[in-house]
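Colleague: Coordinates for the following, if possible.
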Amino acid sequence: EAVNCRIRTSFGVGGDSSGGLDSSSIACAALQTLQKRQRPYWGYSWECSNDNDADEREFIDVMREVEGLNHQYIRPTKVKEMAAQGYYNNRPDYFISDANHYLPTMQEAHKNGVRTYLTGVEGDTVLSYGKETFSALIMEGKWDAFRTHIEHILYTVTFRKNVPKYDNNFENQAASIAFPYTYKVLIRALRMGHFWAFLRHIKQSKRYFDIPPSLDYAYVGRKIYTKLLNLKNRYWNKETFFSILHDRYNKQSPIILKEFHFEDIPPEDNADVVAHFKQATCGGIIDVLGSYHTIGILNGIDMAHPFMDKRLIEFSLIVPNHLQFGDGITRKVHRLAVDGQVPDAIRWRLDKANFTPYMRRCFYETFTDPKAFIRENRDILSPYVNVDLSMKYAEYARTADLNSKKGYDAFYQAVRVVYLAIWLNQNQINNKTT
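Modeller: Next up is the predicted model:
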């Protein structure tokens, strides 16, 4: 229904076709309706054949065989083309990091007669992976059940690609997968002032997964140090390597969905439900949706996001844990719901390509030398950005380890600064007086 109510149009319909569960579910749901009208669905994919980590052709080809789906691969646009179109953005942070793909996608979609474009935005947030199950079990003291879940994960290889940074700290894989969730609960116990629960969790981590207490203390200590450092920088106005944006540009305004009425949602003392709701509806999502809308409207295309449907968000918050995760399978309720619609090869896949290295390569192909670009725009950037640190960012991000938080943050902050320069240059690009 979330898809159907967004394709009530006399014009063409298209959307992402990445080979993942979200985009494939949307495409198959749309095709069920469109085929009755004898109309096609246009699917668009990034052309990533040169990047092994991001190459999803195996699953994209499965979707290309679905009756009624017309498919097209897209390559990223160049900086001058993107800069010219950036004039129409009314905020600089409306440039998402993959804008250099979505701009040419919208152009091709318009040529194909598409006027409504469906995205899978927030699919993996709204229909949760189910990882809240783990923290709930730990806080309830059900460590045997938690251990069973981890064993299922080892068997199905779920989440393995999501925890590479912890691998060197453990002698066994079970501990490397369990640690992020035990660490999350340790932090929560400290925040709530439950010191004895904190010590008990450390003891059980050692008993069930042989996680050294020293490692727990080291990570928790680092978290506390980071928080204190952030406070120090906030009150003493100190710049750090990873806070290069001045406050006047860096502030984000969260979406407050006041019209939501959750009569059936568990009480607000359920921390995981509250966190899930905030993640699905607040913070950076406003900029993501704004960017999609701007890029679409440039080409006369309405961008629609079925997973952001109010009813679907409400439903996802009351799905019990055992339907979110079970037998090593994430997002279980989603996979069960699309039985007979989405091909099984996609419906039961448990991994997802890592597109960040590919996006970095495309970014540096598009801009060639971001450091020089930032230097050239020093005068217009300086009121908003620490230019020297931004150049250091751009250079470091070129070869940084994207699996580390430092490298990941460096890349996306460099992207943000470059797009800000494009936006600030809008008048010069369009030959208008400042």
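
Colleague: remind me, longest helix of this protein?
Modeller: helix 213-236 (DSSP state H).

Colleague: Identify each buried residue in that one, please.
Modeller: 215-216, 219-220 (16 or more other Cβ atoms under 10 Å). (Glycine included, C-beta is placed from N, CA and C.)

Colleague: Equivalent analysis for stretch 340-354, please.
Modeller: Buried residues in stretch 340-354 (16+ other Cβ under 10 Å): 342-343, 346-347, 349-350, 352-354.

Colleague: Which single one of these is nearest to Ala410?
Modeller: Asn354 (16.5 Å; Cβ to Cβ).

Colleague: Which of the helices or strands spans the closest one?
Modeller: According to DSSP states H and E, Asn354 maps onto no helix or strand at all.

Colleague: For Pro180, see how far away it is.
Modeller: Here Asn354 is placed at a distance of 17 Å from Pro180 (Cβ to Cβ, to the nearest Å).

Colleague: do the same with Gly326
Modeller: In terms of Cβ to Cβ, Gly326 sits 19 Å off from Pro180.

Colleague: what's the longest helix of the chain packed up against?
Modeller: Applying 3 or more Cβ pairs under 8 Å, 6 or more residues apart in numbering; DSSP states H and E, we find helix 213-236 packed against helix 173-191, helix 195-209.

Colleague: May I ask which helix or strand of this structure has the lowest mean pLDDT?
Modeller: Every helix and strand of the chain was ranked by mean pLDDT, DSSP states H and E. The lowest is helix 247-250, at a mean of 44.

Colleague: Quick one: the strands in this protein, in order.
Modeller: 12-16, 41-46, 69-74, 114-118, 302-304, 325-326, 329-330 (DSSP state E).

Colleague: Based on its surroundings, how many neighbours for Arg416?
Modeller: For Arg416, the count of nearby residues is 21 (other Cβ atoms under 10 Å).

Colleague: so what's it scoring on pLDDT?
Modeller: Arg416 carries a pLDDT value of 81.

Colleague: go on, Asp269?
Modeller: At Asp269, pLDDT is 54.

Colleague: ok, now the one 10 residues further on?
Modeller: For Gln279, the pLDDT comes out at 64.

Colleague: Most tightly packed of the helices and strands packed on helix 213-236?
Modeller: helix 173-191 (a mean of 19; mean count of other Cβ atoms under 10 Å).

Colleague: May I have that one as CSV, with CA atoms only?
Modeller: The C-alpha trace of helix 173-191 is given here as CSV (Å, rounded to 0.1, in the frame of the first residue of the first chain):
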residue,chain,number,x,y,z
GLN,A,173,34.7,-14.7,15.7
ALA,A,174,31.9,-14.9,18.2
ALA,A,175,33.6,-12.3,20.5
SER,A,176,34.2,-10.0,17.5
ILE,A,177,30.5,-10.0,16.6
ALA,A,178,29.2,-9.8,20.2
PHE,A,179,31.4,-7.0,21.3
PRO,A,180,29.7,-4.0,19.6
TYR,A,181,26.4,-5.0,21.4
THR,A,182,27.9,-5.7,24.8
TYR,A,183,29.8,-2.4,24.5
LYS,A,184,26.5,-0.6,23.7
VAL,A,185,24.9,-2.0,26.8
LEU,A,186,27.9,-1.1,29.0
ILE,A,187,27.6,2.6,27.8
ARG,A,188,23.9,2.5,28.5
ALA,A,189,24.4,1.2,32.0
LEU,A,190,26.8,4.0,32.8
ARG,A,191,24.5,6.6,31.4
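
Colleague: For it, name the packing helices and strands.
Modeller: Checked by 3+ Cβ pairs under 8 Å, 6+ apart, helix 173-191 has helix 132-139, helix 143-156, helix 195-209, helix 213-236 packed alongside it.

Colleague: Please export the C-alpha coordinates of stretch 412-422 as PDB.
Modeller: The C-alpha coordinates for stretch 412-422 follow below in PDB (Å, rounded to 0.1, in the frame of the first residue of the first chain):
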ATOM      1  CA  TYR A 412      32.300  12.400   4.000                       C
ATOM      2  CA  GLN A 413      33.400  15.700   5.600                       C
ATOM      3  CA  ALA A 414      35.600  16.400   2.500                       C
ATOM      4  CA  VAL A 415      32.600  15.800   0.300                       C
ATOM      5  CA  ARG A 416      30.500  18.100   2.400                       C
ATOM      6  CA  VAL A 417      33.100  20.900   2.200                       C
ATOM      7  CA  VAL A 418      33.500  20.600  -1.600                       C
ATOM      8  CA  TYR A 419      29.700  20.700  -2.100                       C
ATOM      9  CA  LEU A 420      29.500  23.800   0.100                       C
ATOM     10  CA  ALA A 421      32.100  25.500  -2.100                       C
ATOM     11  CA  ILE A 422      30.000  24.600  -5.200                       C
END
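
Colleague: how near is Val288 to Asn299?
Modeller: 18 Å.

Colleague: closest one to Leu34 among the helices and strands packed on helix 173-191?
Modeller: Among these, the nearest to Leu34 by Cβ to Cβ is helix 143-156 (33.8 Å).

Colleague: buried sites along that closest one?
Modeller: The neighbour-count check on helix 143-156 (16+ other Cβ under 10 Å) flags 143, 146-147, 149-150, 153-154, 156 as buried.

Colleague: Looking at those residues, spot the one nearest Glu108.
Modeller: Nearest member of those to Glu108, counting by Cβ to Cβ, is Thr156, at 36.8 Å.

Colleague: which residue is nearest the centroid of the protein?
Modeller: Glu122 (7.3 Å; Cα atoms, centre = their mean).

Colleague: Just the pLDDT at that residue, thanks.
Modeller: 80.
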